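Visitor: Quick one, what's the 3D model for this:
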Amino acid sequence: MAITVTDPRPINRAEEILTPKALAFVEELHTRFAGTRSELLAARTAKRQRVAETGKLDFLPETQDVRDGDWKVAPAPAALQDRRVEMTGPASPAKMAINALNSGAKVWLADLEDASTPTWSNVIDAILNLRDAAQGTLSYTSDEGKEYRLRTDAPLAVVVARPRGWHMQEKHLLVNGEPAVGALVDFGLHFFHIAKQLVLNGHGPYYYLPKMESHLEARLWNDIFVFAQDYLGLNQGTIRATVLIETIPAAFEMDEILYELRDHASGLNAGRWDYLFSIIKYFRDAGEEFVLPDRASVVMTAPFMRAYTELLVKTCHKRGAFAMGGMAAVIPNRRHPEVTAAAFEKVRADKTREANDGFDGSWVAHPDLVPTCREVFDSVLGDKPNQVDKQRPEVSVTAEQLLDVSSAEGQVTEAGLRLNLYVAVAYTAVWLSGNGAVAIHNLMEDAATAEISRSQVWQQIRNKSVLADTGNTVTKELVERILGEETERLRTEFGDEAFRRYYQPASELIADICLSDDYTDFLTTPAYELVG
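Guide: The predicted model follows:
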């Protein structure tokens, strides 16, 4: 075999996942598809450079016939007809997986991407937990003796797994001496071990596909699906995929992405936080008109965000696909009733807007929020499983509307800069410790919000933004000073031992990427080099 495992036993029972046959499948995926993936990543860079010169993106003239065509995606399987509430969270550790499956949500987005640090032990544990869940044997007993079991009194959430984005590598699997493609490792191990069991369960191998930037990347996934189903002898169309529209170039190719995946597509999702990150990243050097106000003040009712979500609903329903709403980051705090009450109010308002706009369901980040989201969508859907029949012919979105960043209300402030640096360091530190999702100030933060935070800082330095609350200009020197103050604050909050192991290296990493003249495409790429 041309595939090598650098650590064959990162956790107990790893040998059940890292079998010769499973590794042979992953190797075959790389042999056939890794080269195309590399070409598509290079194409991303080239296109971004072209856009940077003009500050413009537009719908593709060469695919006009796809946008004008009368076609639909394949009908959704029964298990995915009703997606009114989707719980999100990592598939490792087992306790979190069980809580998500038992949450009462219709779907669980089992996240191997932004809510999970891809340590080798986490990667293998996630696949093992998902296999045990499919077999009905997943359980966990805490050190205190508390037992966690899959519920039998109500249906479990349907699992939709999210592999890593195309950009991530897996350094613990080498193919011909080179790190494997993270997405192919995640998909390959999950599909090989679990797909047939999921079919027997009346479900199927369902996936969320993150971070794509073009319909050609969707075509690659479709080619992978076709090959994988043939490899295991499954019927074509058994796999179903929901694509996160969480990059600005993908927003201009929604029809085309669904078309490429039409035999395997089940919908699109409004990945709002990564979408904001992508806008900042894509237009980071395109001038002041693309500088967003403080992250906390950018709301979904901003005109450019409304254009994005309205276009997504219209596109999905025209094609017979589901439109899935985004994450409300607020979470309850059981020790503080007033915080919980405010969280419920914000989630209710967010989900009400989505349900009334035509979305078929939406995401929550905490089991306690499942009833609130379900209640909102119940009130709109009634007895219907979805509202794909709600067409939006009145919606007409232009390229200019999608790029109208300057219409967002709010200001760039030193308070916002300070918060960005605090969140970027705090999240990265937790990520380095092996946990990809963490509550910070009663918000559930994952890699997307950290990416926004550090990217805003880089962009503000580049544009010499003037801070509305202090009048200071954002410079490297100012950022260094505030970063030092926020890092010291984290030391006092978490203590010297945690600071030395995680927060200090996190602060050094954030300093490197925020103060560098060159922009780092993904925070998690250099961070990955710091984890085991």
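Visitor: now the residue located most distally from the centre of the chain, what's its secondary structure?
Guide: Outermost residue of the chain with respect to the C-alpha centroid, by C-alpha atoms, centre = their mean, is residue 471; its distance is 35.3 Å. Under DSSP: H, G, I helix; E, B strand; the rest coil, the three-state class of residue 471 is coil.
Visitor: Relative to residue 484, how far out is it?
Guide: Using C-beta to C-beta, to the nearest Å, residue 471 is found at 21 Å from residue 484. For every residue, glycine as well, the C-beta is placed using N, CA and C.
Visitor: and if you look at residue 350?
Guide: Residue 350 is 35 Å from residue 484, by C-beta to C-beta.
Visitor: Which of those two has more residues huddled nearby?
Guide: More neighbours surround residue 350 than the other of residue 350 and residue 484, with 24 against 13 (other C-beta atoms under 10 Å).
Visitor: burial count for the nearest residue to that one once chain neighbours are set aside?
Guide: Spatial nearest neighbour of residue 350, chain neighbours left out: residue 328 (4.5 Å); criterion: C-beta to C-beta, 6 or more residues apart in numbering. With neighbours defined by other C-beta under 10 Å, the count for residue 328 comes to 26.
Visitor: and if you look at residue 223?
Guide: Quick note: residue 223 (other C-beta under 10 Å) scores 14 neighbours.
Visitor: Let's test this: what are the backbone torsions at it?
Guide: phi -60, psi -40 (degrees, to the nearest 10).
Visitor: tell me the contacts of the nearest residue to it once chain neighbours are set aside?
Guide: Closest residue to residue 223 apart from its sequence neighbours, by C-beta to C-beta, 6+ apart: residue 33 at 6.9 Å. Residue 33 makes contact with 184, 220, 223-224, 227, according to C-beta atoms under 8 Å, 6 or more residues apart in numbering.
Visitor: Then residue 230?
Guide: So residue 230 contacts residue 236 (C-beta under 8 Å, 6+ apart).
Visitor: quick one: which helix or strand includes it?
Guide: helix 215-232 (DSSP states H and E).
Visitor: which parts of that helix are buried?
Guide: Under the neighbour-count criterion of 16 or more other C-beta atoms under 10 Å, helix 215-232 has 215-222, 224-225, 228-229 buried.
Visitor: Give me the distance between the helix or strand that it is followed by and the centre of its chain.
Guide: Next in sequence after helix 215-232, counting helices and strands by DSSP H and E, comes strand 240-245. Relative to the centre of its chain, strand 240-245 is centred 11 Å away, using C-alpha atoms, centre = their mean, to the nearest Å.
Visitor: Averaged pLDDT, strand 240-245. What do you get?
Guide: If you average the pLDDT over strand 240-245, you get 98.
Visitor: For that strand, which outside residues touch it?
Guide: Against strand 240-245 from outside (C-beta under 8 Å, 6+ apart): 76-77, 80, 160, 204-212, 218, 221, 225, 250-251, 254, 257-258, 261, 264-271, 274-275, 308, 312, 322, 324.
Visitor: Could you tell me which residues make contact with residue 437?
Guide: By C-beta under 8 Å, 6+ apart, the neighbours of residue 437 are 89-90, 111, 115-116, 365, 444-446.
Visitor: Out of the residues you listed, who's the most crowded?
Guide: Neighbour counts for the contacts of residue 437 peak at residue 116, which has 28 neighbours (criterion: other C-beta under 10 Å).
Visitor: ok, now how distant is residue 179 from residue 213?
Guide: For residue 179 relative to residue 213 (C-beta to C-beta), the value is 21 Å.
Visitor: neighbour count winner among the two?
Guide: residue 213 (26 against 16).
Visitor: quick one: the more buried one from residue 278, how far?
Guide: Residue 213 is 8 Å from residue 278, by C-beta to C-beta.
Visitor: Between those two, which contacts overlap?
Guide: By C-beta under 8 Å, 6+ apart, the residues touching both residue 213 and residue 278 are 247, 249.
Visitor: helices and strands around the lowest-mean-pLDDT helix or strand in the chain, which ones?
Guide: Ranking every helix and strand in the chain by mean pLDDT, DSSP states H and E puts strand 443-445 at the bottom, with a mean of 74. Here strand 443-445 is seen to pack against helix 414-432, strand 438-440 when contacts are counted using 3 or more C-beta pairs under 8 Å, 6 or more residues apart in numbering; DSSP states H and E.
Visitor: chain center to it: distance?
Guide: For strand 443-445 - counting by C-alpha atoms, centre = their mean - the centre lies 13 Å from the chain centre.
Visitor: What angle do helix 414-432 and the helix or strand just after that strand make with each other?
Guide: Sequence-wise, the next helix or strand downstream of strand 443-445 (DSSP H and E) is helix 447-463. On the basis of axes from the mean of the first three to the mean of the last three C-alpha atoms, to 10 degrees, helix 447-463 is oriented at 130 degrees to helix 414-432.
Visitor: Return the set of buried residues in helix 447-463.
Guide: 447-461, 463.
Visitor: list the helices and strands that helix packs on?
Guide: So helix 447-463, by 3+ C-beta pairs under 8 Å, 6+ apart, packs with helix 272-282, helix 414-432, helix 476-498, helix 504-515.
Visitor: Residues in contact with the helix or strand following the last one: which ones?
Guide: The one in question is helix 504-515. Counting by DSSP H and E, the next helix or strand C-terminal to helix 504-515 is helix 524-528. Here helix 524-528 makes contact (C-beta under 8 Å, 6+ apart) with 118, 167-169, 171, 428, 431-432, 447, 509, 512-513, 520.
Visitor: By neighbours, which of those wins?
Guide: When neighbours are counted by other C-beta under 10 Å, residue 431 leads the contacts of helix 524-528 with 30 neighbours.
Visitor: Could you check which helix or strand contains residue 180?
Guide: Assigned by DSSP H and E, residue 180 falls in strand 178-181.
Visitor: ugh, typo on my part, it should be residue 338
Guide: Here residue 338 is assigned to helix 337-357, by DSSP H and E.
Visitor: Report the distance from the next helix or strand after that helix to the chain centre.
Guide: Once helix 337-357 ends, the next helix or strand along the chain (criterion: DSSP H and E) is strand 361-364. Its chain's C-alpha centre and that of strand 361-364 lie 13 Å apart, by C-alpha atoms, centre = their mean.
Visitor: Within the sheet, what are the partner strands of strand 361-364, with directions?
Guide: Take DSSP bridges as the rule and strand 361-364 pairs in its sheet with strand 85-90 (parallel), strand 322-327 (parallel).
Visitor: Turn those into CSV, including distance to residue 296 and mean pLDDT.
Guide: Converted to CSV, these look like this (distance: least, C-beta to C-beta, whole Å; pLDDT from 0 to 100):
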stretch, distance to residue 296, mean pLDDT
strand 85-90, 21, 96
strand 322-327, 15, 96
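Visitor: Tell me which of the ones you listed sits most buried.
Guide: The highest average neighbour count among the strands paired with strand 361-364, using mean count of other C-beta atoms under 10 Å, belongs to strand 322-327 at a mean of 28.
Visitor: Can you show me the CA trace of it as CSV?
Guide: Extracted C-alpha coordinates of strand 322-327, given in CSV (Å, rounded to 0.1, in the frame of the first residue of the first chain):
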residue,chain,number,x,y,z
PHE,A,322,-34.3,22.4,1.1
ALA,A,323,-33.1,25.8,2.3
MET,A,324,-31.5,25.5,5.7
GLY,A,325,-31.1,28.4,8.1
GLY,A,326,-28.0,29.4,9.9
MET,A,327,-26.6,29.3,13.4
